[in-house]
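A.B. asks: I'd like to go over a predicted model; first the sequence, then the structure.
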Amino acid sequence: MATKNKKIKTRMAPSPTGIIHIGNLRTALYNYLFAKQNGGKFLLRIEDTDRERFVEGAAEKVFATLKWAGLEWDNKKPIVQSERVEIYQKYARQLVDSGKAYYCFCAPEELKQMREEQQKKKQPPRYDGRCRNLSAEEVKNKLKAGGKYVIRLKVPENETIEFDDLVYGKIKYNSSEIDDQVLMKSDGFPTYHLAVVVDDHEMEITHVMRGEDWLPSTPKHVLLYEAFGWQSPEFIHLPNILGENKKKLSKRTGDVSVESFKERGCLPEALINYLALLGWNPGTEQEIFSLPELVKQFDIKKIHKAGAVFDSQKLDNINGQYIRKLPVKQLTSLCLLYLNKVYDLKKYSAEYIEKVVEVERERLKRLSDITENAKLFFIDRLEYNRELLIWKKSDTEKTKNNLTIILQKLNKIKNWSKKNLEKEITRVIKDNNITNGEALWPLRVALSGQQNSPGPFEIMDVLGKEKSLERIECAVSKL
């Protein structure tokens, strides 16, 4: 039954088992956008009942990642499942008492043998219900003897389980396809299925938005809602994010943790912008969205059913656009985190470093690019082959003559600014009947030592007269 006339509440419910994957972040983003768009609440819950996979400090990483991305949750103290074990135990016993669940005393060896026999018969491995019809006396005696047990849901036989998904439409399952799932493990901790339903009910979650991987679990959850007599939330399953091989993006197909994108110099605004477009389309040509714009325009009716391919190049392009919008002082501060790891910046003034960043910003797609791109401004001696100096159909002698003419002019220039340098050298090129390529290509290479770099006038403006002349003289001598 759909949730109606309630204040919208969505949630992010990660397990603290390591990294936050970009798929987790996109799920959090869509939940956040939908809640905020409807004046609702975006809540955070830590699902840490799987103690074997628990990683110390992982929850704190979740908090830090969401804050970095600008996705603030509305419950100041997130719900932590390991602090609610007694609550889940109470609800599990309630289901047993109402005849909707039962104690299962099967040992692991017995279950293993059961699966092996089913595999031999080419049957799907599942629990065969052998403890389902134990008498009350048998159960009492086994409990009294201290027998280990789990609690399983008594799944009704051959019933249609139906629910509406706001992306995939009406979905039906037959209960015969569903195992008598474990609700409470032998260690007293709940399974995911019980805990998620209890928590979503108690937190009054109106819309459960999660990856499409969870679709097969949804009928189990619907059965639990029915067993408790609770109203189900709306279900919204999101398409997978795919790698270039069109398979679900995973750790095996590349480094896809949010932390790795952060380390490479991806701005949070850019990553959020790009992830919003992975599975949702605004229906317009607009590509750049601030978070408030996304809140305003996001529409779950425009979520795709098909998986979206993760395109690193497109993310880099979007990130580059965000980088170019940053004030130069803020961008310099961010770039220093990378430059300081590679270069000794003590001998350079803050003004010099800021000018370097200003010149390089057009070429940056990631903040980490600054270390290689700006290399020419922080090393004393350039290393390059002299052939790189020669423009297309030109030759060594002509290149040397052109650079010598430019060098002679540069020696006489006193107003060493980009604008004046460009004006004076343009005049030299014209007066000496030299083409732009024959003059500016070797000049730029002489200054940068690179095939691709900022223009020669920008470089000279940053390097200053002495360093610029020294590099051009070195190029002439190479020729």
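C.D. replies: Good, I have the coordinates. Residues are numbered from 1 along each chain as shown.
A.B. asks: all helices of the stretch 151-300 of the chain, in order?
C.D. replies: Using DSSP state H, counting those that start in this stretch, the helices assigned to the stretch 151-300 of the chain run over residues 192-202, 218-228, 258-263, 268-276, 291-297.
A.B. asks: can you check the stretch 351-479 of the chain too?
C.D. replies: Remark: helices assigned in the stretch 351-479 of the chain by DSSP H, counting those that start in this stretch are 370-373, 375-378, 396-412, 418-431, 436-448, 456-463, 465-478.
A.B. asks: which positions in the third one come out as buried?
C.D. replies: By neighbour count, and taking 16 or more other C-beta atoms under 10 Å as the criterion, the buried residues in helix 396-412 are 398-400, 402-403, 405-407, 409-410. To be clear about C-beta, it is placed using only N, CA and C from the backbone, and glycine gets the same treatment.
A.B. asks: avg pLDDT for stretch 165-173?
C.D. replies: What stretch 165-173 shows for mean pLDDT is 95.
A.B. asks: ok now it, how far from the chain's centre?
C.D. replies: In this view, stretch 165-173 has its centroid 27 Å away from the chain centroid, taken as C-alpha atoms, centre = their mean, to the nearest Å.
A.B. asks: now the terminal residues of that stretch, how far apart.
C.D. replies: Start-to-end span of stretch 165-173 (C-alpha to C-alpha, to the nearest Å) is 13 Å.
A.B. asks: can you check stretch 228-240 too?
C.D. replies: 31 Å.
A.B. asks: could you dump the helices of the stretch 351-479 of the chain into CSV and include mean pLDDT?
C.D. replies: Rendered in CSV, the data for the helices of the stretch 351-479 of the chain read as follows (pLDDT from 0 to 100):
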stretch, mean pLDDT
helix 370-373, 96
helix 375-378, 96
helix 396-412, 94
helix 418-431, 95
helix 436-448, 95
helix 456-463, 96
helix 465-478, 95
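A.B. asks: got these as TSV, with distance to residue 390 columns?
C.D. replies: Shown next, in TSV, are those (distance: least, C-beta to C-beta, whole Å):
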stretch	distance to residue 390
helix 370-373	24
helix 375-378	19
helix 396-412	5
helix 418-431	17
helix 436-448	7
helix 456-463	16
helix 465-478	11
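A.B. asks: quick one: closest of these to residue 174.
C.D. replies: Proximity to residue 174 (C-beta to C-beta) singles out helix 370-373 among the helices of the stretch 351-479 of the chain, at 58.0 Å.
A.B. asks: show residues contacting that closest one.
C.D. replies: Helix 370-373 is contacted from outside by 265, 335, 338-339, 341-343, 357, 360, 363-364, using C-beta atoms under 8 Å, 6 or more residues apart in numbering.
A.B. asks: mind checking which of those are buried?
C.D. replies: Neighbour counting by 16+ other C-beta under 10 Å classes 265, 335, 338-339, 343, 357, 360, 364 among these as buried.
A.B. asks: and the nearest residue to residue 448 once chain neighbours are set aside, how far is that from residue 356?
C.D. replies: Nearest non-adjacent residue to residue 448, counting by C-beta to C-beta, 6 or more residues apart in numbering: residue 376, 4.5 Å away. Distance of residue 376 to residue 356, computed by C-beta to C-beta, to the nearest Å: 9 Å.
A.B. asks: tell me which of the two has more neighbours.
C.D. replies: residue 356 (24 against 20; other C-beta atoms under 10 Å).
A.B. asks: hmm, that one is touching residue 374, no?
C.D. replies: Yes - here residue 356 reaches residue 374: they are 5.2 Å apart, a contact under C-beta atoms under 8 Å.
A.B. asks: where do the contact lists of the two overlap?
C.D. replies: What both residue 356 and residue 374 touch, as defined by C-beta under 8 Å, 6+ apart, is an empty set.
A.B. asks: quick one: the residue nearest to residue 173 when sequence neighbours are not counted from residue 193, how far?
C.D. replies: Closest residue to residue 173 apart from its sequence neighbours, by C-beta to C-beta, 6+ apart: residue 219 at 4.2 Å. Distance, residue 219 to residue 193, using C-beta to C-beta: 11 Å.
A.B. asks: flag the shaky bits of this structure, pLDDT-wise.
C.D. replies: Along the chain, segments meeting pLDDT under 70 span 1-5, 251-255.
A.B. asks: what residue spans form the domains of it?
C.D. replies: Here the domain assignment for the chain is 326-378, 386-478, based on automatic domain parsing.
A.B. asks: would you format those domains as CSV with distance to residue 107 included?
C.D. replies: Putting these into CSV (distance: least, C-beta to C-beta, whole Å) gives the following:
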stretch, distance to residue 107
domain 326-378, 54
domain 386-478, 67
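A.B. asks: for residue 68, which of these is the nearest?
C.D. replies: Proximity to residue 68 (C-beta to C-beta) singles out domain 326-378 among these, at 12.9 Å.
A.B. asks: now do that closest one: distance to the chain's middle.
C.D. replies: 25 Å.
A.B. asks: I'd assumed residue 463 was in contact with residue 355.
C.D. replies: No - the pair residue 355 / residue 463 is not scored as a contact, 9.6 Å apart, by C-beta under 8 Å.
A.B. asks: for stretch 175-182, measure first residue to last.
C.D. replies: Taking C-alpha to C-alpha as the measure, stretch 175-182 stretches 15 Å from start to finish.
A.B. asks: neighbouring contacts of that stretch?
C.D. replies: Against stretch 175-182 from outside (C-beta under 8 Å, 6+ apart): 104, 126-127, 129, 132, 150-161, 191, 193, 219-220, 223.
A.B. asks: buried only: go through these for me.
C.D. replies: 104, 127, 150-155, 161, 191, 193, 219-220, 223.
A.B. asks: quick one, phi/psi of residue 243?
C.D. replies: phi -80, psi 180 (degrees, to the nearest 10).
A.B. asks: burial measure for it, as a count.
C.D. replies: 17.
A.B. asks: isn't it up against residue 310?
C.D. replies: Yes - counting by C-beta under 8 Å, residue 310 is a contact partner of residue 243 at 6.3 Å.
A.B. asks: any common contacting residues for these two?
C.D. replies: By the contact definition C-beta under 8 Å, 6+ apart, residue 243 and residue 310 are jointly contacted by residue 249.
A.B. asks: residue 97 versus residue 190, what's the distance?
C.D. replies: From residue 190 over to residue 97 the distance is 17 Å, taken as C-beta to C-beta.
A.B. asks: ok, those two, which is more surrounded?
C.D. replies: Neighbours per residue (other C-beta under 10 Å) separate residue 190 from residue 97, with residue 190 holding more: 25 against 9.
A.B. asks: which ones are touching the more buried one?
C.D. replies: Residue 190 sits next to 49, 81, 85, 88-89, 92, 183-184, 198 when contact means C-beta under 8 Å, 6+ apart.
A.B. asks: out of the residues you listed, grab the one that's most surrounded.
C.D. replies: With neighbours taken as other C-beta under 10 Å, the top of the contacts of residue 190 is residue 183, carrying 28 neighbours.
A.B. asks: quick one, what contacts it?
C.D. replies: Neighbour list for residue 183: 92, 95, 101, 150-153, 190-191, 193-194, 224 [criterion: C-beta under 8 Å, 6+ apart].
A.B. asks: could you rerun that using 10 Å?
C.D. replies: Applying C-beta atoms under 10 Å, 6 or more residues apart in numbering to residue 183 gives the contacts 88-89, 91-92, 95-96, 100-102, 150-153, 190-191, 193-195, 197-198, 220, 224, 227.
A.B. asks: can you tell me how far the residue nearest to residue 232 when sequence neighbours are not counted is from residue 153?
C.D. replies: Of all residues not flanking residue 232 in the chain, residue 225 sits nearest, at 4.5 Å (C-beta to C-beta, 6+ apart). The spacing between residue 225 and residue 153, counted by C-beta to C-beta, is 12 Å.
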